[in-house]
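1. 3D, please:
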Amino acid sequence: MLESARQAITSAAQQLGWSEGQTEEFLTPSRVHRFTVELDDESFEAFRVQHNNRLGPFKGGVRFHPDVDMDEVQALATLMTIKCAVMNIPMGGGKGGVTWNPRERSQDDIETVARSYVRHLVDHIGPDTDVPAPDVNTNGQVIDWMDDEYEQLTGDDSHASFTGKTLGNGGSQGRITATGRGGMIALREYCRTHDIETEGLCVAVQGVGNVGYWFARLAETELGATVVAVSNSKQTLVNYDGLNVASVSEDTVMEELQGEEHDRDAILSLDCDVLVLAALGNVIDADNQDQIKAKTVLELANGPVSYDATAALEDRGVHVIPDVLANAGGVIVSYLEWLQNKQGEHWSEAEVNQKLDDIMCSALSDCLSSEQPLKNAAFTAALERLSE
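-> Below you'll find the predicted structure:
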């Protein structure tokens with residue numbers, strides 16, 4: 001993922017006439033924090049990469065996962081810089097993580113690690129410095145603990161130091177559905193630009209966690225799309241008559257939907273109009289991109305298609321709607337939460353959704369009007385904004 005991010009940035013920088021020195025300076029994070037958090041007699045490696053704050057305070061999630069490492073965190077921080085810039089919101093790129101598996105731990109252990117993480121970073125985060133958020137294996141409760149620890153250490157009770165909090169602790173309406181909704185908006189605007197009818201559009205969704213589920217549900221209800229396949233880490237369900245994701249809850253998708261069962265990777269080679277990648281990074285590379293039969297690939301996960309695979313797909317007419325456009329709904333609503341906290345306000349879900357729609361449509365319009373592939377257009381637009 002880090003190498004793909006570097007390649008995309010280098011290509012866009014060359015188009016803009018940047019020197020190698022300018023490009024390397026941009027790729028180098030502003031600050032890197034690497035430390036350990038303690039839990040009883042155990043210790044776990046932890047990271048916070050603050051990549052670029054030219055447009056505003058660093059912004060980015062904190063993930064708890066056994067595979068977290070420095071390369072992944074740096075790549076995601078770099079992509080967050082691009083994402084905020086292309087969406088034209090006044091925030092920069094950051095990312096953090098702890099290398100451990102919270103799924104095997106008690107809530108008390110998770111709270112201990114969350115609070116320890118904040119204590120290590122308290123002098124380097126804050127409403128106008130760096131605003132962390134939830135990510136893989138972290139949620140509103142984890143962020144509430146982090147926010148409380150920061151308040152105890154600093155006395156700042158604005159709740160603007162973290163986003164993704166629960167509603168009762170200053171969180172925003174619309175946050176749970178934000179990334180999926182943003183993906184739906186990206187697909188809608190792409191189809192409008194290319195005169196593609198969304199009613200009956202044949203869609204397959206890899207990964208039906210929070211993001212994939214809400215994308216699928218909103219694609220059905222607001223676009224009239226037909227979701228014909230979904231997958232998780234174990235299997236793929238296929239029903240070309242439509243799965244009707246909106247009829248089930250996020251927790252029961254794979255149990256209640258009716259369809260033919262296939263292995264988990266079968267979804268990648270299905271014949272469909274749109275393949276949505278909402279699971280993990282590094283799913284499609286130069287070696288397996290030729291399996292893709294979809295006409296369009298929508299990146300809802302971070303970095304699911306390598307740089308080389310993107311170029312190969314585009315060369316054979318498969319268009320990629322890149323992650324920095326497609327999954328920006330989450331960081332946009334995080335920004336809106338931060339604004340509400342700073343201003344002491346609380347907006348309705350309808351207000352938040354409308355602001356999300358407006359911000360995304362403006363950014364998408366700029367990129368979709370370009371003659372370049374969308375990924376190139378997005379990265380070029382971001383670097384132009386960052387260099388102004």
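
2. angles on the backbone of residue 114, please.
-> Phi and psi for residue 114, reported as degrees, to the nearest 10, are phi -60, psi -50.

3. show me what contacts it?
-> 138, 142, 145, 146, 149 (C-beta atoms under 8 Å, 6 or more residues apart in numbering). Glycine gets a C-beta too; all of them are placed from N, C-alpha and C.

4. those residues into CSV, with extra columns for distance to residue 131, neighbour count and pLDDT?
-> Formatted as CSV, the contacts of residue 114 follow (distance: C-beta to C-beta, whole Å; neighbours: other C-beta atoms under 10 Å; pLDDT from 0 to 100):
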residue, distance to residue 131, neighbour count, pLDDT
138, 14, 26, 95
142, 15, 25, 98
145, 16, 22, 98
146, 11, 26, 98
149, 15, 19, 98
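
5. nearest to residue 287 among the residues you listed?
-> residue 138 (32.3 Å; C-beta to C-beta).

6. helix/strand/coil for the closest one?
-> Taking DSSP: H, G, I helix; E, B strand; the rest coil as the rule, one finds residue 138 in the coil state.

7. returning to what we had before: just the contacts of residue 114 now: which is nearest residue 74?
-> Nearest member of those to residue 74, counting by C-beta to C-beta, is residue 138, at 18.7 Å.

8. isn't that closest one up against residue 63?
-> Yes. Counting by C-beta atoms under 8 Å, residue 138 touches residue 63, with 6.4 Å between them.

9. can you map out the strands along the protein?
-> For the chain, the strands defined by DSSP state E cover 31-39, 42-52, 58-64, 92-98, 130-134, 202-206, 226-231, 235-238, 260-263, 274-277, 296-299, 319-321.

10. now the last one: buried residues?
-> Put plainly, it is strand 319-321. 319, 320, 321 (16 or more other C-beta atoms under 10 Å).

11. what residues does the last one make contact with?
-> Residues touching residue 321, when contacts are defined by C-beta under 8 Å, 6+ apart, comprise 186, 187, 190, 296, 297, 298, 299, 374.

12. re the thing from before, okay if I get the strands of the chain as a markdown table plus distance to residue 106?
-> As requested, these are exported to a markdown table (distance: least, C-beta to C-beta, whole Å):
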| stretch | distance to residue 106 |
| --- | --- |
| strand 31-39 | 10 |
| strand 42-52 | 13 |
| strand 58-64 | 13 |
| strand 92-98 | 16 |
| strand 130-134 | 19 |
| strand 202-206 | 31 |
| strand 226-231 | 30 |
| strand 235-238 | 30 |
| strand 260-263 | 34 |
| strand 274-277 | 33 |
| strand 296-299 | 35 |
| strand 319-321 | 40 |
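
13. can you list these in a markdown table and add mean pLDDT and distance to residue 156?
-> Listed next are these as a markdown table, based on pLDDT from 0 to 100; distance: least, C-beta to C-beta, whole Å:
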| stretch | mean pLDDT | distance to residue 156 |
| --- | --- | --- |
| strand 31-39 | 97 | 19 |
| strand 42-52 | 97 | 18 |
| strand 58-64 | 97 | 17 |
| strand 92-98 | 98 | 18 |
| strand 130-134 | 97 | 12 |
| strand 202-206 | 98 | 40 |
| strand 226-231 | 98 | 42 |
| strand 235-238 | 97 | 46 |
| strand 260-263 | 96 | 50 |
| strand 274-277 | 98 | 38 |
| strand 296-299 | 98 | 36 |
| strand 319-321 | 97 | 38 |
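
14. minimum distance to residue 10: which of those has it?
-> Using C-beta to C-beta, these put strand 42-52 closest to residue 10, at 15.5 Å.

15. who touches the closest one?
-> 26, 29-37, 58, 62, 68-70, 73-74, 76-78, 80-81, 92-100, 113, 117, 120-121, 124-125, 130, 132, 386.

16. please enumerate the helices of the stretch 1-150 of the chain.
-> For the stretch 1-150 of the chain, applying DSSP state H, counting those that start in this stretch gives helices covering 2-15, 20-27, 70-87, 107-121, 140-154.

17. okay, the first one in PDB with CA atoms only?
-> In this case it means helix 2-15. Output of helix 2-15 as PDB, limited to C-alpha atoms (Å, rounded to 0.1, in the frame of the first residue of the first chain):
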ATOM      1  CA  LEU A   2       2.800   2.400   0.900                       C
ATOM      2  CA  GLU A   3       4.600   1.700  -2.500                       C
ATOM      3  CA  SER A   4       1.300   2.200  -4.400                       C
ATOM      4  CA  ALA A   5       0.700   5.500  -2.600                       C
ATOM      5  CA  ARG A   6       4.200   6.700  -3.400                       C
ATOM      6  CA  GLN A   7       3.800   5.700  -7.100                       C
ATOM      7  CA  ALA A   8       0.500   7.600  -7.400                       C
ATOM      8  CA  ILE A   9       2.000  10.700  -5.700                       C
ATOM      9  CA  THR A  10       5.200  10.600  -7.800                       C
ATOM     10  CA  SER A  11       3.200  10.300 -11.000                       C
ATOM     11  CA  ALA A  12       1.000  13.300 -10.100                       C
ATOM     12  CA  ALA A  13       3.900  15.300  -8.900                       C
ATOM     13  CA  GLN A  14       5.700  14.800 -12.200                       C
ATOM     14  CA  GLN A  15       2.600  16.000 -14.100                       C
END
